[in-house]
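Q: sequence plus the predicted model coming up.
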Amino acid sequence: CCFLKNLFLLLTRPNVLKTIRFHLLKTVQNPVVRQSFLTLLIRVFGVVLLFGFTLFLTQKYTPKIVGQYDFVRTFLFAIGSICLLGFDQSILYFKGRLYPDFSLGHLRKVYLKMVLMLFFASLLLFVFIILLDASVVAQFFSDDATYLLLLKASAALFFYGLSILNVEVFRALDEVVVSELFRNVFKYLPIIVVAFILVQWQLEPFLVDAFLLSFVFSGVLTTLLAFYFFTKKPASCSTDCFSSREIITQSFPIAVSGMAIFLMMSFDILFLKKYQGDATVAYYAVAVKLMTLLSVIILTVNITVSAAIAASFSNKEIDKVQKMVQNSSRLIVAITLPAVIGLLLFPEFILHFFGSNYIVAKEALVVLVLGQGFCAFFGSAPVYLNMTGRQRIFQRIVLGALVLNFLLNYWLIPSYGMLGAAIAFSASALFWNLGTALFVYVKDGIKLFLS
């Protein structure tokens, strides 16, 4: 009581109140902080929507069907990152390169070239899956249905990649709210509605088909919106600012890095499906989704500052870059820490909401949360090198982490199951965050880690 009384007296002093008010106003007036909190608010709503949908799936669908859904979802994330060739991140890099003489016409030409290259990449992968021997896939996964799942997913791959690219194009066109709404809310709504209908009509086995068709719808809708935003303002442009070769040269290292990161989030699912089955995939996927609460915070702040980092670094404003990195790191840790504590204190209680069977993922959840919590201290490490023209350096670091991730999954999952998968993912994520932070500190003298 005495402590609370003294604390109250301290906080009610005029000078203390004035200082607190000053810092609050300064924080609120910071455009990065305002934009980060607006983005985070939409993303939190999206996370709540996603977890509500996950709860519905785990209650109304069998673990086998949920496992197939998560397997296809993981396949799209991993292979889609290959077909996207890093365009979803490099579109922001090219906008930064155009600063301060930003030209909507130039950016539109870059976008059209990206869409064309995405189409051919998706087509090549679809043809590859068609030519693949179905018996080899069935033998590897010990499941005859897996090949058909891969075939369906590859058919929808172009539309998935298109929807992901368009969301970042909205951001590049300063339609941030629209971008975040599509990224976190609208892309879930079609599958949520159809999943409810499938339960009512007792057609649960068609969940994967509905999920893939939702991306076809999203791809078409976001493309129409992208062209609308491009035509809102006059954008005459007679020459190409960036050639197709330059777009690929700058984007491909980002693609390799993105592919490596998504593969790190896929090897565990693939090995768990092979050794443990669809049900275990469903249990582990819930733990991964809970861990994404933390990654959403990190990604939100990093996306907000990514284009600004590219522009400031291009103009050799190193002090400004350092300040942005420090502010983003503090913001990430301040928002992430309460979520980490909550997940670590009540893992079993939280998992029980998804069903009593899902409590088996408790140890995996704790390891994943601890790993992601430590990664939060590295602030803008995931985007700094990509936004400063050193995509190939980041590519090498992430590829090293990918090799580590594969080896750990290969060794640990057969013996330790979900716990082994969580250890593999957390160790590799810490490896590439730490590697990036140390490289930037040595070369640029910028601290990407909170100090």
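A: Arrived safely, thanks for sending. Numbering: from 1, shown residues only.

Q: ok, now how distant is the residue lying closest to Tyr416 once chain neighbours are set aside from Phe158?
A: Of all residues not flanking Tyr416 in the chain, Ile423 sits nearest, at 7.5 Å (Cβ to Cβ, 6 or more residues apart in numbering). Where C-beta positions appear, they are placed from N, C-alpha and C, glycine not excepted. Per Cβ to Cβ, to the nearest Å, Ile423 is found 35 Å from Phe158.

Q: spit out the contact partners of the residue nearest to Tyr416.
A: Contact partners of Ile423, counting by Cβ atoms under 8 Å, 6 or more residues apart in numbering, are Val367, Leu408, Leu412, Tyr416.

Q: okay, and it sits in which element?
A: For Ile423, the element it lies in under DSSP states H and E is helix 418-444.

Q: list the buried residues in that helix.
A: With burial defined by 16 or more other Cβ atoms under 10 Å, the residues of helix 418-444 counted as buried are 418-437, 439-440, 444.

Q: now swap in stretch 267-278 and tell me
A: Quick answer for stretch 267-278 (16+ other Cβ under 10 Å): Phe267, Asp268, Ile269, Leu270, Phe271, Leu272, Lys273, Lys274, Gln276, Gly277, Asp278.

Q: ok, stretch 48-55 next?
A: Leu50, Phe51, Phe53, Thr54.

Q: dump these to TSV, plus pLDDT.
A: Below are the buried residues of stretch 48-55 laid out as TSV (pLDDT from 0 to 100):
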residue	pLDDT
Leu50	81
Phe51	79
Phe53	90
Thr54	86
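
Q: what's the closest of those residues to Met259?
A: Leu50 (23.2 Å; Cβ to Cβ).

Q: surely the closest one touches Lys289?
A: Yes: contact status for Leu50 versus Lys289: in contact at 6.9 Å, counting by Cβ atoms under 8 Å.

Q: so after the helix ranked longest in the chain, what's the next helix or strand?
A: Looking across the chain with DSSP state H, the single longest helix is helix 278-314. For helix 278-314, the succeeding helix or strand toward the C-terminus, using DSSP H and E, is helix 318-345.

Q: next one: that following helix to chain centre, how far?
A: Its chain's C-alpha centre and that of helix 318-345 lie 17 Å apart, by Cα atoms, centre = their mean, to the nearest Å.

Q: list every C-alpha atom in the helix or strand just after it, with coordinates, as PDB.
A: The helix or strand immediately downstream of helix 318-345 is helix 347-352, counting by DSSP H and E. The C-alpha coordinates for helix 347-352 follow below in PDB (Å, rounded to 0.1, in the frame of the first residue of the first chain):
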ATOM      1  CA  PRO A 347       0.100 -22.200 -23.100                       C
ATOM      2  CA  GLU A 348      -2.100 -25.100 -22.000                       C
ATOM      3  CA  PHE A 349      -5.000 -22.900 -21.200                       C
ATOM      4  CA  ILE A 350      -4.800 -21.200 -24.700                       C
ATOM      5  CA  LEU A 351      -4.400 -24.500 -26.600                       C
ATOM      6  CA  HIS A 352      -7.400 -26.000 -24.800                       C
END
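
Q: can you name every helix or strand that the helix or strand that helix 347-352 is followed by contacts?
A: For helix 347-352, the following helix or strand on the C-terminal side (DSSP H and E) is helix 362-375. When contacts are defined as 3 or more Cβ pairs under 8 Å, 6 or more residues apart in numbering; DSSP states H and E, helix 362-375 packs onto helix 278-314, helix 318-345, helix 347-352, helix 418-444.

Q: list of residues touching helix 362-375?
A: Counting by Cβ under 8 Å, 6+ apart, 284, 287-288, 290-291, 294-295, 298, 336-337, 340, 343-344, 347-348, 350-351, 418-419, 421-423, 425-427, 429-430, 433 sit against helix 362-375.

Q: residue ranges with poor pLDDT in the stretch 101-250 of the chain?
A: Applying pLDDT under 70 to the stretch 101-250 of the chain flags residues 101-103, 233-241.

Q: residue boundaries of the helices in it?
A: Under the criterion DSSP state H, counting those that start in this stretch, the stretch 101-250 of the chain contains helices at 104-131, 134-141, 146-155, 157-172, 176-181, 189-200, 207-230, 244-264.

Q: list the buried residues for the third one?
A: By neighbour count, and taking 16+ other Cβ under 10 Å as the criterion, the buried residues in helix 146-155 are Thr146, Tyr147, Leu149, Leu150, Lys152, Ala153, Ser154.

Q: repeat for the longest one
A: Counting neighbours by 16+ other Cβ under 10 Å, one finds that the buried residues in helix 104-131 are 104-111, 113-115, 117-118, 121-122, 125-126, 129.

Q: residue contacts, Leu213?
A: Leu213 touches Ala156, Pro190, Val194, counting by Cβ under 8 Å, 6+ apart.

Q: repeat for Ile359
A: Ile359 touches Glu348, Leu351, His352, counting by Cβ under 8 Å, 6+ apart.

Q: per-residue confidence for it?
A: Ile359 carries a pLDDT value of 90.

Q: over to the one 4 residues further on?
A: What the model reports as pLDDT for Glu363 is 94.

Q: got it, and Ala78?
A: pLDDT, Ala78: 80.

Q: show me what counts as buried in the helix or strand harbouring it.
A: The secondary structure element spanning Ala78 is helix 63-84 (assigned by DSSP H and E). Residues of helix 63-84 classed as buried by neighbour count (16+ other Cβ under 10 Å): 63, 65-84.

Q: cool, stretch 288-296 as well?
A: Val288, Lys289, Leu290, Met291, Thr292, Leu293, Leu294, Ser295, Val296.

Q: what would those residues look like in CSV with pLDDT and distance to Gln89?
A: Formatted as CSV, the buried residues of stretch 288-296 follow (pLDDT from 0 to 100; distance: Cβ to Cβ, whole Å):
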residue, pLDDT, distance to Gln89
Val288, 89, 22
Lys289, 84, 23
Leu290, 86, 25
Met291, 87, 21
Thr292, 79, 18
Leu293, 76, 22
Leu294, 78, 20
Ser295, 77, 15
Val296, 71, 17
